[in-house]
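Trainee: Build me a model:
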Amino acid sequence: MKFVELSGAVLTKLIRDDEIAEDDLKNSGVTDDSVVRINEQGDIELRRTDGWDVIGGLLGDFRARIQKETGMDWA
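Mentor: Model prediction:
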């Protein structure tokens, strides 16, 4: 599966109100310095000390938003 990795700070900029609330991100453990990844289906995963946890998902035009904000493609 391919992913784009980004920081929690960048994720906070990318999300829309209808996807996941900023408070929900914080309650999931996302901080500005967190490492998160998004797969091609829009699933958001948070890096924990022992693996990855799915914490939500992106909707709609997330591909364009991710590429615009990060300049990265799925790898």
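Trainee: residues near residue 19, how many?
Mentor: As a burial measure, the neighbour count of residue 19 was computed by other C-beta atoms under 10 Å and equals 17. The way it works is simple: take the backbone N, C-alpha and C, and place the C-beta from them, glycine included.
Trainee: Let me know the outermost residue of this structure.
Mentor: Using C-alpha atoms, centre = their mean, the residue of the chain lying farthest from its centre is residue 50. It sits 18.2 Å away.
Trainee: confidence score at that residue?
Mentor: Residue 50 carries a pLDDT value of 97.
Trainee: do the one 3 residues further on as well
Mentor: At residue 53, the predicted lDDT confidence score is 97.
Trainee: What of the one 4 residues further on?
Mentor: Model confidence at residue 57, expressed as pLDDT, equals 93.
Trainee: same check, this time on residue 60
Mentor: Taking residue 60 on its own, its pLDDT is 87.
Trainee: How about the contacts made by it?
Mentor: Residues counted as contacts of residue 60 (C-beta atoms under 8 Å, 6 or more residues apart in numbering) are residue 16.
Trainee: in the protein, which segments are predicted with low confidence?
Mentor: When residues are selected by pLDDT under 70, none of them lie in the chain.
Trainee: Strands of that one, residue ranges please.
Mentor: Assigned by DSSP state E, the chain shows strands spanning 3-7, 35-39, 43-48, 51-57.
Trainee: now the first one: how far from the chain's centre is it?
Mentor: Spelled out, that is strand 3-7. Strand 3-7 has its C-alpha centroid displaced from the chain centroid by 7 Å (C-alpha atoms, centre = their mean, to the nearest Å).
Trainee: With stretch 29-47 instead?
Mentor: Here the centre of mass of C-alpha atoms in stretch 29-47, compared against the chain's by C-alpha atoms, centre = their mean, lies 4 Å away.
Trainee: what's the answer for stretch 1-21, then?
Mentor: 3 Å.
Trainee: just stretch 24-31 next, same as before
Mentor: If you compare the mean C-alpha spot of stretch 24-31 with that of the full chain, they lie 11 Å apart, counting by C-alpha atoms, centre = their mean.
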